[in-house]
Every structure is written in C-alpha cells, then in structure tokens.
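Q: Sharing a model prediction with you, sequence too.
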2 protein chains.
Amino acid sequence: MVQQETRQWLLVNKPLNDPVLSGPNATFKLTRTTLPDLNDDQVLLKVLYFSNDPAQRTWIQEGMDPERMYTTPVPLNAPMRSFGVCEVMESKAANLAKGSLVLASTGWSEYDVVNAGDCRPIHVSAGLSPTNFIGALGGPGLTACYGLIDRVGTTAEDAVVISGAAGATGSMAVQVAKKLIGCKKVIGIAGSDEKCRWVESLGADICVNYKSPSFKEDLKNATEGFVEVYFDNVGGEILDFMLTRVKRHGRIAACGAIAEYNRGFSSGLMNWHQIIFNRLEIKGFIITDARATGKSEDFIKVLMKGVKEGKIKIGPETETVVPTKFEDVPRTWMMLFEGRNQGKLVTQIV
Amino acid sequence: MVQQETRQWLLVNKPLNDPVLSGPNATFKLTRTTLPDLNDDQVLLKVLYFSNDPAQRTWIQEGMDPERMYTTPVPLNAPMRSFGVCEVMESKAANLAKGSLVLASTGWSEYDVVNAGDCRPIHVSAGLSPTNFIGALGGPGLTACYGLIDRVGTTAEDAVVISGAAGATGSMAVQVAKKLIGCKKVIGIAGSDEKCRWVESLGADICVNYKSPSFKEDLKNATEGFVEVYFDNVGGEILDFMLTRVKRHGRIAACGAIAEYNRGFSSGLMNWHQIIFNRLEIKGFIITDARATGKSEDFIKVLMKGVKEGKIKIGPETETVVPTKFEDVPRTWMMLFEGRNQGKLVTQIV
C-alpha cells in the first residue's frame, strides 16, 4: 500500500476559559502528516463521524492536576482526542475485514493507524444507524442508565430533575427515567422553548427553559414539594439552585458540569449547606467505571429492549448530525458549548 | 411558690454575616420577664451550663427558607434557642424530683418552666461531669460516631481527614476514628499550633494549622497518596481544597460549615468537578436523624465503652468551660466563631 497522508487537528494551547478557534492563541492547529505503515494486527481507519462530548473539554483544561483527572489529559502538540465511527480501509488483522465499521479513539484525524484490539466493531442492524453507537446506544445512553439506575437507585417513586435535558446524555436520561423506570415525575431543564417542547415529546412531564427570565420561578413551580433525584449535567448556577430543590434525604447524580468547563471550572457554589441541612447524598460518576465492571453490558441490553418496545427514541431527531469539512471540525465541536445541538452532536466528515 | 422572674436573651435582629453584640443593630437583646406558674407535669429549671453549638448560628440566619431548614428557625423576639444542663428547682412532675439534673432546650434564659417530658434526666456517675452530656457524650460525640461509622462507613482501612479537629465534634471524631475504629491514618486540621498539638495528643497522627502560610503544602504532604474519608465541620475554602485531596471513590461526611455561617452561607466552592472526576460520594447529615432512628443509643454505648477502656478522653482538657455572667452569654457564645475553644465550649452561669 501507499503510505497514507492525513490531516490532523493538534492541541497547541490549553485553554483556561473559552477555546480559541483562530489567531496566535488558537487552541488547535491543523497539520498534515504521513501515517506509518501497518504492522500486523493493525488497521488503517477512515473517520466517518466524530463524537462530540462535553467531557473532551475537560481533557484539555490548562492547569489541571493529571492525578485528579479520570483520564490522561491530551498532551500539547498531540491530536485532539476524540471517539469516532470509522471504516476499515486496510487491514492486517485477521478479525477485522476491510469495509468493517468500528468505534475507535482516533483523535481529530482524517485517517489513523490503530491496533485492531483497540477497535470495537459495530453491527448496524435494521432500524439502527452507525451514529447510534456514539449516541443513544453509546456513552450517553449508558451514562444515563448508570447514573440513574446504579448510582442513585432511581425508582418509580421518585420525581427527577434532569439538566442539559436536550443534550445527548440528558435526552437519554429523560427517556430512561420516564419510559424505562417509570418515574412519577420527570422535569427537564433545557436552553430554549423549542428544546423544551422536544424534551417533553421524549417523555418529560415538563421542561423549563433556563434562559427564560422566569426560570427560577418556573423550576420552583415544576418542583413543588421538592424532588427526590437530580441528575446534573451542567453544574454552576443551575446546580446551585437545584441544591435548594432536592427533597430531604434526596440524591444527586453528579454527571457533568458543562456550564463550568469554559469558565475555569469555577462552580462558585453557594448552597453547600443545603447538603447538610437536608441530608443530601451526592454521587459523582464516570461511565468508564460501568465499563470496567461490566455493568455497561447490562445497560446496553436494557436500552436495546427499550428501543425494540418503542419506548426509547433513537431516530434522527435525537441526533444533530452536522456535515463538516475536516478544516471545520473544531467549529462543529464548539456547537456543544453554544447549545446548538438537539440530542447527540455528531460531526459527519464530508 | 412565688412567681419566678428571669432574664432572657431575645433574638431581635437576624444577622446575614457576623452577629452584632451591641448598638442599634444588635442581634440579641437582654430582657426580664416573669415565668408562668407551674402546671401539672411541669418543672421550674435553673440553667447551670449552656451548650454552645455552631449549628445555633444557622437557626438565626436572615433570609433562610424555613422549608429548607432541619429545625424551626428561632422566631424574632423569642429567646435565643439553646440546650442547657439545668437543675430542677420546683417540680409538679412525679418522675422529676427537685434537685435533679436534666438536659433541656431552655433558650438563653436563667430560669425556665418546661414540661417534664421535654427534659432528659442525667445521672452523673463517677468519672463523669454534667457537661460531658452536652459534649463528649452528647451531640458532639454522637455526631462524630454517626458521621464516621454510619454515614460514610469508616473502617480501619481508611485514612481520614477531620477539619475543626479541635472543636467539640472534631475532637471526638479524631478519637473515634483513631481509638475506636483504628483508622490507618488520622489527619486533623485546626487553627493554631497549640490546638494541633492537642489534637495529636488525642490520637491524630498529624494535625495541620490552617492559619499557617504553608497550610496547603502541609495538608498536601499530610495527605500524600490522598485519603479515603473527609469529615467536614467547616465548609468554605478548606472543604474546597479537600475536594482535591480525597481519593478516587472516596467519601465525604458533610457535618458542618462553620467557616460559612458568618459569611452569608456563601461557600463559593470552585472544585465541584472533583466530585465528578474522582467519583466522590458526599453525605450530608444531622444528628437528629440518628436520634429519631434510635441509632444514637448504640453510639452512646460505644462511647461509654471507649471511655471505660481509657481510649476516649472526656476530662476537663476536652472542654472549655467559661464562667459567664448571664449578661455575657452571647459574648461567650461568639468564642465559637473566634476559634477560642478547645473541645466543647460550655457557658457556666455564675
């Protein structure tokens, strides 16, 4: 084979606040490189879709202590780390034929040479799309199940608030809470009236718009009598307010803090005392723990059953697939932080 | 009997920040009143000792939502609420003889008329003092046990950090952790070198002074390899720093936040993301829950056994008993927030 050239986006400046997309302080830099020849048990991948995850922002934060991260930070001058749905273009691995579809951590690269053992083959049966494996049936769906079911033991007796409810994980959490667990009340929080109506169409009893001037009043009304469970994807001010809306002995699944990631991780929480006064229980979690313990296999079965029974929606409306030229990959990724996605934000390389 | 006159300290202004002890905005006001005649099953109490508890500050905070408090806020123009060790001066209750010692919630009053059913008789056997029942063998000792043993399941395998370690609850937590549970390492945090040496004399492997310029470095060294458990009495900046020092999957017992009580309850936490990244588990708790479920009876037995075996110190060094004229009761209470107590701060009425 001919050695494969590829473009890559490297991390060249770790941001403290908003990532910078151009100019001398740009966070990422587009380069071109030649990939090595395939060794035995390696494959050449072409990326079809990139997964866009708020967690990626935490991997590039300036000044983080690597010992306190849940994964290795992206090194400077290395390709920005990302999961992708890829096609096998060449193979020296017996178990991965040319033309197969796989999930792999390629980084922001058009092509990549990867060990076959680091690829997860996906089989797109009828009714599914390849992107489901980085969305509803991937990290976001598993995270929703792991947080709600395993970490805070949500049951039908619970009223649940879910922030970031129009996001990839939040929209799955809404569906899992209402359609699979059967929670007595599911309250979403999202960033526009349109998103809120969509979240309600997924099963939320009500969804409140955090950009509305009446947000706090709306959320107070929606949580009258307080709620047993809060599934937090956003951190910051919404978390702080929710600390006053979780019932005595209630539980909080601390999943993410996207509102803080471009603000120097400065939650500035004022209501910690609510945790004491109302005996709240907080559990932080990361989906890799469910993968390590094999629990994620159970959750995939739970999700697939929900899909087959028509309870869980995984159709095109649950994904924002953005056709993107490779030179615009960071631009599409930034849509996450601008709230421009409904459901999973997927970069489709064109 | 002659109707009993008494002086009382009323709450007249709810503070947002520091309580004010004099002038037109004073938090408390000294008044004189006449107590009602005794009804059947009532007793006339004379207060010998007041218990001083950081939690009292939370009962008088301006602007708190009563629905989110764990106890009724003190109403304006009512006596400041307080527990006390009292002597029965007159009795119309068959089961409480004149001269008995009892614990009761009298408020800051020299005398009070109380239902016998609201008094807890105390029996001061050899080796004990009446004040032990508001200190080592009262709320603080029970809180230490409930938090460490029940709420976060501390075992001998755990390294534990305890803040406010020279305070009433902290000094008991240090002893329970080291002497009863046998934790592999107990690290105290206190506010002077002298206090730190005292905390070490109680069993802490090391105690670091948070007023030292090298505090963070000292605490980092003391917690090398991170710790499994943090028992938090202080909130605020120390809690925020400790969020970076608790080990992956570690636990935090959220007991109090004295550092925030005179600062408008504004923790201003910046490190919430550590709860996610490191999958921390936080449990807020209030000792009344242990009382309601009968667990406190078990803990009293555990503590008494520890005392008898010489493991738990409850002598005069574990209490700061301040002889106080009634007109100076608020002044002595304020010593809590000035860090002027070693162990339990007790107001002895003289």
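A: Looks like it arrived, so ask away.
Q: Domain-wise, how is chain A divided?
A: A:5-135+A:315-349, A:139-288 (automatic domain parsing).
Q: Please identify the deepest-packed of the ones you listed.
A: Burial of the domains of chain A is given as mean neighbour count (mean count of other CB atoms under 10 Å in any protein chain shown); domain A:139-288 ranks first at a mean of 22. In short, each C-beta sits where N, CA and C put it, glycine included.
Q: next one: it to chain centre, how far?
A: With CA atoms, centre = their mean, to the nearest Å as the basis, domain A:139-288 stands 15 Å off its chain's centre.
Q: quick one: average pLDDT of that domain?
A: Mean per-residue pLDDT for domain A:139-288: 96.
Q: Can you check which of the domains of chain A gets nearest to chain B?
A: domain A:139-288 (3.9 Å; CB to the nearest CB).
Q: quick check, the closest one touching chain B?
A: Yes: for domain A:139-288, a contact with chain B is found by CB under 8 Å from any CB of the partner chain, at A:235, A:239, A:244, A:248, A:254-257, A:260, A:265-286.
Q: Mind checking which of those residues are in strands?
A: Under the assignment DSSP state E, the residues of domain A:139-288 next to chain B contribute A:248, A:254, A:281-284 to strands.
Q: isn't residue A:344 right next to residue A:316, touching?
A: No: Residue A:344 is beyond contact range of residue A:316, at 10.6 Å (criterion: CB atoms under 8 Å).
Q: now stretch A:111-130, how far from the chain's geometric center?
A: Per CA atoms, centre = their mean, the centroid offset for stretch A:111-130 relative to its chain is 18 Å.
Q: residues making contact with it?
A: A:4-6, A:35-36, A:38, A:41-49, A:85-86, A:88-89, A:91, A:93, A:95-96, A:100-106, A:132-133, A:137, A:307, A:314, A:316, A:319 (CB atoms under 8 Å, 6 or more residues apart in numbering or on different chains).
Q: can you do 7 Å?
A: The contact list for stretch A:111-130, computed with CB atoms under 7 Å, 6 or more residues apart in numbering or on different chains, reads A:4, A:6, A:35-36, A:38, A:41-46, A:48-49, A:85, A:93, A:95-96, A:100-104, A:106, A:133.
Q: pLDDT score for the nearest residue to residue A:9 once chain neighbours are set aside?
A: Nearest residue to residue A:9 in three dimensions, chain neighbours excluded: residue A:108, at 3.8 Å (CB to CB, 6 or more residues apart in numbering or on different chains). The score at residue A:108 is 98. That number is its pLDDT.
Q: any idea how far residue A:108 lies from residue A:58?
A: Residue A:108 is 16 Å from residue A:58, where distance means CB to CB, to the nearest Å.
Q: Kindly report the same for residue A:25.
A: From residue A:25 to residue A:58 the distance is 20 Å (CB to CB).
Q: again with residue A:14
A: Distance, residue A:14 to residue A:58, using CB to CB: 11 Å.
Q: Surely residue A:176 and residue A:143 touch.
A: No: with contact defined as CB atoms under 7 Å, residue A:176 and residue A:143 do not form a contacting pair (10.0 Å).
Q: And for residue A:350, the neighbour number?
A: Residue A:350: 10 surrounding residues under other CB atoms under 10 Å in any protein chain shown.
Q: For it, which residues are in contact?
A: By CB under 7 Å, 6+ apart, the contact set of residue A:350 is A:323-325.
Q: Strands along the stretch 101-250 of chain A, start to end?
A: Here the stretch 101-250 of chain A has its strands, by DSSP state E, counting those that start in this stretch, at A:101-105, A:111-115, A:120-121, A:159-162, A:185-190, A:206-209, A:227-232, A:246-254.
Q: Pretty sure residue A:250 sits against residue A:229.
A: Yes: applying CB under 7 Å as the test, residue A:250 and residue A:229 come out as touching, 6.5 Å apart.
Q: residue ranges with poor pLDDT in the stretch 1-150 of chain A?
A: A:1-2 (pLDDT under 70).
Q: Which residues of it lie near chain B?
A: Residues of the stretch 1-150 of chain A found near chain B (CB under 7 Å from any CB of the partner chain) are A:68-70.
Q: now residue A:130: how far from residue B:118?
A: Applying CB to CB, the value for residue A:130 to residue B:118 is 69 Å.
Q: show me where the stretch 1-150 of chain A has helices.
A: A:54-58, A:139-145 (DSSP state H, counting those that start in this stretch).
Q: taking the ones in strands among the residues of domain A:139-288 next to chain B as a set, which two sit the farthest apart in space?
A: Taking CB to CB as the measure, those span a maximum distance of 21.1 Å, between A:248 and A:284.
Q: Could you pull up the residues touching the most centrally placed residue in chain A?
A: Centroid-nearest residue in chain A, with CA atoms, centre = their mean: residue A:53, separated by 4.3 Å. With contact taken as CB under 7 Å, 6+ apart, residue A:53 is in contact with residue A:139.
Q: for residue A:56, same thing?
A: By CB under 7 Å, 6+ apart, the neighbours of residue A:56 are A:81-82.
Q: what about 6 Å?
A: Residues counted as contacts of residue A:56 (CB atoms under 6 Å, 6 or more residues apart in numbering or on different chains): none.
Q: how much space between it and residue A:337?
A: 11 Å.
Q: And residue A:70, by the same measure?
A: 20 Å.
Q: do residue A:72 as well
A: According to CB to CB, residue A:72 stands 22 Å off from residue A:337.
Q: now do residue A:150
A: Distance, residue A:150 to residue A:337, by CB to CB: 28 Å.
Q: likewise residue A:188?
A: Using CB to CB, one obtains 19 Å as the distance from residue A:188 to residue A:337.
Q: likewise residue A:314?
A: For residue A:314 relative to residue A:337 (CB to CB), the value is 24 Å.
Q: Quick one: closest of the domains of chain A to residue B:290.
A: domain A:139-288 (11.0 Å).
Q: State the distance spanning the first to the last residue of the closest one.
A: Terminal residues of domain A:139-288 are spaced 9 Å apart (CA to CA, to the nearest Å).
Q: Over to stretch A:148-155?
A: Terminal residues of stretch A:148-155 are spaced 9 Å apart (CA to CA).
Q: Need the contact partners of it.
A: Taking CB under 6 Å, 6+ apart as the rule, stretch A:148-155 contacts A:176-177, A:181, A:229, A:251, A:253, A:283, A:285.
Q: same deal with stretch A:15-29?
A: Residues from elsewhere that reach stretch A:15-29, judged by CB under 6 Å, 6+ apart: A:9-10, A:12-13, A:62, A:80, A:262, A:264, A:330.
Q: Need the residues you listed in a markdown table (columns: distance to residue B:209).
A: Formatted as a markdown table, these follow (distance: CB to CB, whole Å):
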| residue | distance to residue B:209 |
| --- | --- |
| A:9 | 48 |
| A:10 | 46 |
| A:12 | 43 |
| A:13 | 39 |
| A:62 | 31 |
| A:80 | 44 |
| A:262 | 37 |
| A:264 | 29 |
| A:330 | 47 |
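Q: how far away is residue A:186 from residue A:144?
A: Plainly put, residue A:186 is 12 Å away from residue A:144 if you go by CB to CB.
Q: Kindly report the same for residue A:178.
A: Relative to residue A:144, residue A:178 is positioned 11 Å away (CB to CB).
Q: repeat for residue A:243
A: Residue A:243 is 22 Å from residue A:144, where distance means CB to CB.
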